[in-house]
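Asker: Sequence plus the predicted model coming up.
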Amino acid sequence: MKSLMSLWTSLASELASLCCTSTNRDCKTVSARMEHEGLSFLTITLPAFGKDFQKSLDQGRVTHDLFQGFSWRTGLPEFLRGFLESVFHPISGTIRHDPSIDAIYAVQQLTSLFSKIDLPCTEARRDKAIDSYVIIERELKSRAADQWNFKQFTRIRTLLFGDILSEVDQLIYDGETTPRHGPGNTAERLSSNQKYNHNLWTDRLEEYFPARENILPNYSFISDRRIVHLTPEQELPVRVITVPKTMKTPRIIAIEPVMMQFVQQGILEALVPRLERKYIRKNVINPCWSMIGFSDQVPNQEMARQGSLDGSLATLDMSEASDRVSNQHVRALLCDHPHLAAGVEACRSRKADVPRHGVIRLSKFASMGSALCFPMEAMVFLTVIFMGIESHNGTPLSRKGIKSFHGKVRVYGDDIIIPVEYVHTVIEYLEAFGLKVNSTKSFWTGRFRESCGKEYYAGEDVSPIKFRRVFPSKRLDAQEIISLVAFRNLLYMRGLWSTSSWLDRKIEGIIPFYPKIEPGSPGLGAHTFLPVQGEKYSRTLHCPLVKAYVVQGTAPDDSLDDVGALLKYLLKRGNLPFDLRHLERSGRPRRVTLKPRWVVPF
């Protein structure tokens with residue numbers, strides 16, 4: 001905690017000098033409240049202050065219902081007042097005509113610095129998140145499908161995705177989707193290579209994805225591997241767990257059984273590229289952006305910047321997005337494509353093993369962890385968005401009308417961008433479908449926008465740099481050292497050189513080899529804008545070298561042979577060769593180490 005406080009103080013002092021103010025009283029406030037509240041002040045209370053600041057930017061004034069828990073003087077809170085007065089009028093609390101971008105960034109940085117630090121939240125908060133998961137499930141069970149316009153939903157869905165869904169429907173009918181194993185864990189806790197030896201299959205999968213055609217290299221191996229078929233009652237439930245997100249609340253994910261994720265990945269591979277290629281055409285921003293994305297966040301970020309610049313686009317954030325998309329939504333989405341609908345339903349897990357609640361029946365389509373979770377939720381979101389747009393315009397949409405919104409509407413996961421004039425109608429439709437818009441992270445009124453991790457005010461990037469892990473104490477704390485060096489380099493590139501120098505001294509006290517390097521170097525070092533100097537010259541590479549630590553990780557022991565090894569080879573994607581020892585070691589390294597090596601500094 002002392003190191004975290006020192007980092008906050010150093011950063012506050014440097015930002016204050018950039019904004020011609022002082023943070024002496026602010027540092028005393030942070031120190032006093034940390035003694036009383038502990039680490040939660042930095043990780044929960046300060047981020048809440050930052051959210052209220054963003055809300056004030058959006059609504060154009062500071063109101064007394066915000067910044068709870070902080071003392072006030074006239075129209076502004078006392079905390080960080082030196083920065084706030086450069087953004088808002090100190091008496092009225094209204095936003096200035098030309099607020100200081102540096103001050104906006106400073107408040108963003110100081111309040112969000114530790115918002116995503118990788119520390120577990122309390123058991124009570126984890127239990128509350130799990131209870132919320134079950135409560136949402138009950139809400140979905142009680143919501144009837146006739147509460148939303150099914151006819152309009154299916155018509156808009158056909159305009160948006162009809163041709164794509166028909167293509168994938170035909171692929172499943174013809175048996176041309178090829179399953180594959182993903183990189184994640186499975187409900188059975190199988191290692192990476194042992195996934196290829198699984199012999200369990202479900203009766204529901206058998207109709208569209210016969211086991212003999214999917215988990216055997218060919219029919220001649222049918223006597224070498226006994227396939228065990230599971231009835232719906234015997235199917236394994238998904239394993240619901242919590243993973244760190246913030247100290248306020250964890251993230252809830254569901255780990256799928258191996259045979260389910262195996263088939264899901266095959267459908268994903270057929271569906272996602274087609275969705276990302278849809279509606280790509282020339283526009284004023286970028287000719288390669290579609291209305292729906294899964295692999296590239298840049299379009300959302302650039303559209304958010306454009307929205308902050310001219311006020312034309314709003315950024316919406318969905319709360320509990322995955323858990324609120326019901327199986328009814330997905331059935332309506334796929335109702336005219338029977339083979340795709342049946343295939344998706346066959347690889348959907350129907351039960352979940354929830355801590356403290358046992359095994360429950362699922363009404364949601366899938367939680368995070370299913371390969372099809374994001375594609376299905378994105379298609380549902382986009383369909384409902386255009387339902388709202390159509391209702392607002394009062395005339396039925398055509399394909400040409402939908403194409404006119406290219407560059408104005410986009411969905412990436414739970415981040416949505418739409419034209420400002422449709423915000424209220426779209427939110428009304430989303431909520432009518434049982435979905436929930438996160439009002440604290442949705443912006444459309446002022447000049448602040450946020451999407452996919454980027455935050456902008458008036459076209460200027462005010463995204464904070466977040467400290468992800470605790471300070472390392474010894475050289476063996478490899479992950480912490482890697483994170484700290486990366487954080488230091490981000491600060492340096494942002495121009496916060498005083499704090500970067502302070503961090504350099506901390507890092508040099510832990511690792512003896514810490515050279516100045518350029519961003520392209522494979523070594524772990526301090527990025528610099530100045531010319532880098534080599535410590536010696538390589539006669540083989542004919543270039544200068546520096547001694548730096550290099551990150552190394554070894555895949556765990558995981559031997560595979562016989563039928564499983566052949567299946568792994570036949571299911572391989574791409575032209576890159578396997579690692580030479582892929583049948584002996586496979587999977588993500590359980591730990592990484594730092595090894596000193598001579599490397600190029602650029």
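Answerer: Sure, I can see it. These figures come from a predicted structure and were not determined experimentally.
Asker: If we ignore the residues flanking it in sequence, what's nearest Pro179?
Answerer: Nearest-residue entry for Pro179: Gly266, 3.8 Å, with adjacent residues in sequence omitted and distances by Cβ to Cβ, 6 or more residues apart in numbering. Where you see a C-beta, it was placed from the backbone N, CA and C, and this is true even at glycine.
Asker: wait, doesn't that neighbour sit right on Glu176?
Answerer: No: Gly266 is beyond contact range of Glu176, at 9.7 Å (criterion: Cβ atoms under 8 Å).
Asker: Looking at these two now, which is surrounded by more residues?
Answerer: Gly266 (23 against 11; other Cβ atoms under 10 Å).
Asker: Which helix or strand contains the more buried one?
Answerer: helix 258-277 (DSSP states H and E).
Asker: so after that helix, what's the next helix or strand?
Answerer: Once helix 258-277 ends, the next helix or strand along the chain (criterion: DSSP H and E) is strand 292-293.
Asker: Which neighbouring elements make contact with that following strand?
Answerer: Using 3 or more Cβ pairs under 8 Å, 6 or more residues apart in numbering; DSSP states H and E as the contact test, the elements touching strand 292-293 are helix 258-277, helix 373-393, strand 410-412.
Asker: Run through who's touching that strand.
Answerer: Outside of strand 292-293, the residues that reach it under the criterion Cβ atoms under 8 Å, 6 or more residues apart in numbering are 275-276, 278, 299-300, 378-379, 382, 410-412.
Asker: Lowest-confidence entry in those?
Answerer: For those, the least confident position by pLDDT is Lys278, scoring 72.
Asker: separation between that residue and Cys452?
Answerer: Distance from Lys278 to Cys452, counting by Cβ to Cβ, to the nearest Å: 19 Å.
Asker: the more surrounded of these two?
Answerer: Cys452 (22 against 16).
Asker: mind listing what the more buried one touches?
Answerer: By Cβ under 8 Å, 6+ apart, the contact set of Cys452 is 297, 300-301, 304, 412, 415.
Asker: Most neighbours out of the residues you listed, which is it?
Answerer: Going by other Cβ under 10 Å, Ala304 tops those with 26 neighbours.
Asker: Wasn't that residue part of a strand?
Answerer: No: with DSSP: H, G, I helix; E, B strand; the rest coil as the criterion, Ala304 is assigned helix and is not in a strand.
Asker: I'd guessed it sits against Phe448; true?
Answerer: No: with contact taken as Cβ under 8 Å, Ala304 and Phe448 are classed as non-touching, separated by 9.6 Å.
Asker: shared neighbours of those two, which are they?
Answerer: Common contacts of Ala304 and Phe448 (Cβ under 8 Å, 6+ apart): 455-456.
Asker: List the buried residues in stretch 513-521.
Answerer: Buried residues in stretch 513-521, counted by 16 or more other Cβ atoms under 10 Å: 513-517, 521.
Asker: now, which of the residues you listed sits nearest Pro232?
Answerer: For those, the closest approach to Pro232 (Cβ to Cβ) belongs to Ser521, at 54.6 Å.
Asker: Just confirm that closest one contacts Val600, I think it does.
Answerer: Yes: using Cβ under 8 Å as the test, Ser521 is close enough to Val600 to be in contact (6.1 Å).
Asker: which residues sit against stretch 160-177?
Answerer: By Cβ under 8 Å, 6+ apart, the residues outside stretch 160-177 that reach it are 208-209, 213, 266-267, 269-271, 274-275, 278, 333-334, 336-340, 342-343, 379, 382-383, 386, 402.
Asker: Quick one: mean pLDDT for it?
Answerer: Across stretch 160-177, the per-residue pLDDT values average to 95.
Asker: sorry, back to before: nearest to Leu200, out of the contacts of Cys452: which one, please.
Answerer: Comparing the contacts of Cys452 against Leu200 with Cβ to Cβ places Tyr412 closest, at 34.4 Å.
Asker: Distance check, the closest one against Phe386.
Answerer: Tyr412 is 16 Å from Phe386, where distance means Cβ to Cβ.
Asker: do Arg488 as well
Answerer: Summarising the geometry, the distance separating Arg488 from Phe386, computed by Cβ to Cβ, is 45 Å.
Asker: The two - which one has more neighbours?
Answerer: Comparing Arg488 with Phe386 by neighbour count (other Cβ under 10 Å), the higher total belongs to Phe386, at 27 against 23.
Asker: if I pick the more buried one, what's in contact with it?
Answerer: Under the criterion of Cβ under 8 Å, 6+ apart, the contact list for Phe386 reads 156, 159-160, 397, 402, 405, 409.
Asker: For those, name the two members farthest from one another.
Answerer: Leu159 and Val409 (13.1 Å).
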